[in-house]
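In: could you work out the structure for the sequence below:
(one chain, ligands or ions: 1)
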Amino acid sequence: MALGSAPAKVILFGEHAVVHGVPALAAPVSSLRAYAEAVPGVGEGVRLHAPGFAESLPVGLGAAEVDNALTKIVHLVLREVSCGMPNLAIHVHSDIPIASGMGSGAAVSAAVARALCAALNAPMDSETLNRLVYEVERLHHGTPSGIDNTVIVYEKPVYFVRGQEPMPLRVGAPIHLLIGDTGRPSLTRDAVSGVWGLLKQDPQEVTAHFETVRRIVAAARSHIEQGTPDQLGALMIENHQLLRKLTVSSPELDRLVDAALRAGASGAKMSGGGRGGIMIALVEPHTTEQIAASLHHAGAARVIATEIT
Ligand code: MEV
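Out: Below you'll find the predicted structure:
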């Protein structure tokens, strides 16, 4: 039996602007994971069993199916390790809500690749895996920055600039977050292309927003590294306002952000692609319960507590 898994992620600061070259900060959520298990197959080739993604995909060698993410990662791994078509069944299971801004697609790709490499006895280093998962991410939206696959594959907090080597983000003191899921699925691709449209329409204003995000990310990075997370709240609120201006928030996200702030969170913002999906709230151990209750009351489909360390 060969197993692979990978975590969910949250973007702490800088989503969307990161697609356009601005730095961003992200962290894994190790308690929520995608899993894959590869076992000897009964038929020919690799069959993928993934409830909620696709039922059972035979992996032929033709290029035709390669616009499917699950099939694509199998092809990419086999090509990378120079292996012919093995006879395997790969079962995929994920705790990560789909299309929620938590990186479900990248986590599933990484888990499948890891299970496949384990079955083939062909270890793959993280840099190579990250490159392959990025290739698959390009199917989800044409211009991914690479932050999602990076934080998911390395499973470490990261300071990320598109096109540069990812830098580990040192976390000086634990950051307590609540993740509020609107329960409304949303495609990152649509939100990202919306921002491209806005940039074309009003380059001056949108570039100015990106530059403000750059300043927010720099300040947030230094508070995180210095272990002063209590200083992050105002920066989260400011980042959320800019994301609203970039049209990637939604009434549900704004409602959850307001509810968290009213219940005592020192900061809150949408996280990830937006227009649905998730938001994050900065909490303290003694305020967690009241803020979680408030998020549920404001319509959160799910509330998850996580600690960034
Ligand atoms: C999605 O998690 C983050 C975005 O910035 C897209 C990307 O970086 O590719 C919205």
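
In: nearest residue to Thr188 other than its sequence neighbours?
Out: Nearest residue to Thr188, sequence neighbours excluded (C-beta to C-beta, 6 or more residues apart in numbering): Gly273, at 3.3 Å. (Glycine included, C-beta is placed from N, CA and C.)

In: sec struct for the one you found, please.
Out: coil (DSSP: H, G, I helix; E, B strand; the rest coil).

In: dump the residue contacts of it.
Out: Glu15, Gly101, Ser186, Leu187, Thr188, Ala191, Val192, Val248 (C-beta atoms under 8 Å, 6 or more residues apart in numbering).

In: which among these end up buried?
Out: Those of the contacts of Gly273 that meet the buried threshold are Glu15, Gly101, Ser186, Thr188, Ala191, Val192, Val248, by 16 or more other C-beta atoms under 10 Å.

In: out of those, list just those in helices.
Out: Counted as lying in helices by DSSP state H, out of the buried ones among the contacts of Gly273, are Thr188, Ala191, Val192.

In: close to the ligand: what parts of this protein are there?
Out: Residues of the chain lying close to the ligand (C-beta under 6 Å from any ligand atom) are 11, 15-16, 18-19, 101, 144-145, 147-148, 188, 192, 272-273.

In: closest one to Ala89 out of those residues, please.
Out: Asp148 (27.2 Å; C-beta to C-beta).

In: redo the ones in helices among the buried ones among the contacts of Gly273 as a markdown table? Include pLDDT.
Out: As requested, these are arranged in a markdown table below (pLDDT from 0 to 100):
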| residue | pLDDT |
| --- | --- |
| Thr188 | 92 |
| Ala191 | 96 |
| Val192 | 95 |
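
In: possible to save those residues as TSV with distance to Val74?
Out: Conversion of these to TSV gives the following (distance: C-beta to C-beta, whole Å):
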residue	distance to Val74
Thr188	22
Ala191	28
Val192	26
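
In: from the contacts of Gly273, which two are the most distant?
Out: Maximum distance among those (C-beta to C-beta): 14.3 Å, for Glu15 and Leu187.

In: now the residues of the chain next to the ligand as a markdown table including distance to Ser266?
Out: Converted to a markdown table, the residues of the chain next to the ligand look like this (distance: C-beta to C-beta, whole Å):
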| residue | distance to Ser266 |
| --- | --- |
| Ile11 | 19 |
| Glu15 | 20 |
| His16 | 23 |
| Val18 | 24 |
| Val19 | 28 |
| Gly101 | 22 |
| Pro144 | 31 |
| Ser145 | 27 |
| Ile147 | 25 |
| Asp148 | 26 |
| Thr188 | 27 |
| Val192 | 29 |
| Gly272 | 21 |
| Gly273 | 24 |
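
In: out of those, which are inside strands?
Out: Using DSSP state E, Ile11 are the members of these that sit in strands.

In: count the neighbours of His294 for me.
Out: Slight slip there: residue 294 is Ser, not His. When neighbours are counted by other C-beta atoms under 10 Å, Ser294 registers 23.

In: for Arg33, same thing?
Out: 19.

In: SS state for it?
Out: strand.

In: neighbours of the residue of the stretch 151-300 of the chain found nearest the ligand, how many?
Out: Closest residue of the stretch 151-300 of the chain to the ligand, C-beta to the nearest ligand atom: Gly272 (4.0 Å). Counted with other C-beta under 10 Å, residues neighbouring Gly272 total 27.

In: quick thing: my sequence starts at 377, can you match it?
Out: Right, with 377 as the first residue, what we last looked at is Gly648.

In: who's in contact with the nearest residue to it once chain neighbours are set aside?
Out: Among residues not flanking Gly648 along the chain, Gly477 sits closest, at 2.3 Å (C-beta to C-beta, 6+ apart). Applying C-beta under 8 Å, 6+ apart, one finds that Gly477 lies in contact with Ile387, Ser562, Thr564, Met646, Ser647, Gly648, Gly649, Gly650, Gly652, Gly653, Ile654.

In: for Leu619, same thing?
Out: Leu619 touches Glu391, His392, Ser625, Lys645, Met646, Gly650, counting by C-beta under 8 Å, 6+ apart.
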